[in-house]
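Asks: how does the following fold in three dimensions:
(one chain, ligands or ions: 1)
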Amino acid sequence: MTCILQPDQIEAFHRDGYVIVKSMFDAEETALLRRAMEEDPEIQDHILVRADGEGGGTKIALWNRAGSSVYGLAARCERMVDTAAELLGGEVYHYQSKLTAKDAGGGGAWEWHQDYGYWYYNGCLMPQLVSCMIALDHTTPENGCLQFLKGSHQLGRCDHVQLTPEQNCIDPEVVSAAETRLDRVHAELEPGDVVIFHCNLFHRSNQNLSDKRRWTLIICYNRVDNDTYKRIDDRYFVPLEKVDDGAIKRAGLKLADGQNGEHFTSKPYVPDVREAG
Ligand SMILES: O=C(O)CCC(=O)C(=O)O
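Replies: Numbering: from 1, shown residues only. From the prediction side, this is the model:
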């Protein structure tokens with residue numbers, strides 16, 4: 001196991017619901033990932049715009065399998081996989097990857113939500129998933145970095161309501177109550193930093209009204225024994241073939257091969273919480 005976290009960082013993740021790992025990817029690796037997001041025709045062909053309820057929208061691209069592209073290798077490399085496995089307490093598989101691209105002066109907001117508020121409906125019985133957001137640009141309060149309610153993962157899965165047909169958010173009454181008791185923190189990141197957060201952590205982000213772009217790549221893992229019990233899409237368990245950490249640089253700017261081995265999706269999965277409730 002090559003979990004890159006120190007014991008105090010592991011403790012912080014369990015206490016606060018997140019941990020920031022500085023320079024988890026170096027400048028060369030980050031540049032490769034950034035260029036892949038910008039230049040891969042498969043990514044560009046699968047860009048969706050997610051309406052934010054404030055009149056804006058975020059560009060996203062979603063895929064469910066980690067292939068042999070440079071970004072597939074980032075999801076499969078030891079330092080990522082072993083760190084996720086350490087935090088979740090067991091073997092993991094790649095659940096989903098996502099580009100969230102907020103362009104300067106236009107990127108959309110995300111309202112308070114828990115990832116498990118969505119993923120539960122996909123058939124994951126336990127909140128045993130983590131998201132690893134890799135900063136491709138500086139992320140700051142001005143350009144719409146992630147915000148968390150520190151420790152909110154300890155509240156368990158909360159009710160969500162529909163905000164737009166493409167976005168659910170946590171019941172505003174619950175958010176207001178939680179905000180009186182928990183601190184709001186901003187995840188300011190430099191390119192190559194990674195913030196790893198628990199699937200029940202409340203998180204949101206503002207529109208990007210600045211003149212600085214904010215693109216990030218989010219890679220999510222599920223614990224193998226928490227495989228989806230239903231097969232409504234293809235985020236169920238498939239073995240993850242781990243690669244060594246040098247694989248990213250050896251691959252260089254390797255893009256997807258165009259055969260859709262990555263299982264790009266054509267629309268985000270948004271559970272109908274009106275029915276579910
Ligand atoms: O990109 C962002 O600011 C938020 C992304 C997010 O919350 C998500 O993908 O669940």
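Asks: what residue is smack in the middle of the chain?
Replies: Central residue check for the chain by Cα atoms, centre = their mean: the C-alpha nearest the mean position is that of I218, 3.4 Å away.
Asks: and that one, helix, strand or coil?
Replies: Assigned by DSSP: H, G, I helix; E, B strand; the rest coil, the conformation of I218 is strand.
Asks: for stretch 148-166, which positions count as buried?
Replies: Residues of stretch 148-166 classed as buried by neighbour count (16 or more other Cβ atoms under 10 Å): F148, L149, G151, S152, H153, L155, C158, H160, V161, Q162, L163, E166. (Glycine included, C-beta is placed from N, CA and C.)
Asks: the strand or helix carrying the first one near the ligand anywhere?
Replies: In this structure, F148 sits in strand 146-149 according to DSSP states H and E. Yes. Shown here: strand 146-149 in contact with the ligand (Cβ under 6 Å from any ligand atom) through L146.
Asks: what's the next secondary structure element after that strand?
Replies: Following strand 146-149 in sequence order, the next helix or strand is strand 160-164 (DSSP H and E).
Asks: C-alpha coordinates for that following strand, PDB please?
Replies: Only the C-alpha atoms of strand 160-164 are listed here, as PDB (Å, rounded to 0.1, in the frame of the first residue of the first chain):
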ATOM      1  CA  HIS A 160     -32.500  16.400  -1.000                       C
ATOM      2  CA  VAL A 161     -35.000  18.400  -3.000                       C
ATOM      3  CA  GLN A 162     -35.100  19.200  -6.700                       C
ATOM      4  CA  LEU A 163     -33.400  22.600  -7.600                       C
ATOM      5  CA  THR A 164     -33.400  22.200 -11.400                       C
END
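Asks: ok, residues contacting that strand?
Replies: Around strand 160-164, the neighbours that count as contacts under Cβ atoms under 8 Å, 6 or more residues apart in numbering are 51-53, 111, 113-114, 117-118, 168-172, 272-274.
Asks: show me the beta-bridge partners of R223.
Replies: The residues listed as beta-bridge partners of R223 by DSSP bridges are V92.
Asks: strands along the stretch 51-200 of the chain, start to end?
Replies: Secondary structure of the stretch 51-200 of the chain, counting by DSSP state E, counting those that start in this stretch: strands at 57-63, 92-102, 110-113, 129-135, 146-149, 160-164, 167-170, 184-186, 194-198.
Asks: can you put these in JSON lines and add mean pLDDT?
Replies: Below are these laid out as JSON lines (pLDDT from 0 to 100):
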{"stretch": "strand 57-63", "mean pLDDT": "93"}
{"stretch": "strand 92-102", "mean pLDDT": "97"}
{"stretch": "strand 110-113", "mean pLDDT": "95"}
{"stretch": "strand 129-135", "mean pLDDT": "98"}
{"stretch": "strand 146-149", "mean pLDDT": "98"}
{"stretch": "strand 160-164", "mean pLDDT": "90"}
{"stretch": "strand 167-170", "mean pLDDT": "92"}
{"stretch": "strand 184-186", "mean pLDDT": "98"}
{"stretch": "strand 194-198", "mean pLDDT": "98"}
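Asks: up against the ligand, what does this structure have?
Replies: Applying Cβ under 6 Å from any ligand atom, one finds that the chain approaches the ligand through K98, T100, W110, D115, L146, H203, S205, T216, I218.
Asks: do I have it right that E78 meets D245?
Replies: Yes. With contact defined as Cβ atoms under 8 Å, E78 counts as touching D245 (5.4 Å).
Asks: who touches both of these two?
Replies: Each of T2 lies in contact with both E78 and D245 under the rule Cβ under 8 Å, 6+ apart.
Asks: follow-up on the earlier one: could the strands of the stretch 51-200 of the chain go into CSV alongside distance to D26?
Replies: Conversion of those to CSV gives the following (distance: least, Cβ to Cβ, whole Å):
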stretch, distance to D26
strand 57-63, 24
strand 92-102, 20
strand 110-113, 28
strand 129-135, 12
strand 146-149, 22
strand 160-164, 37
strand 167-170, 34
strand 184-186, 24
strand 194-198, 12
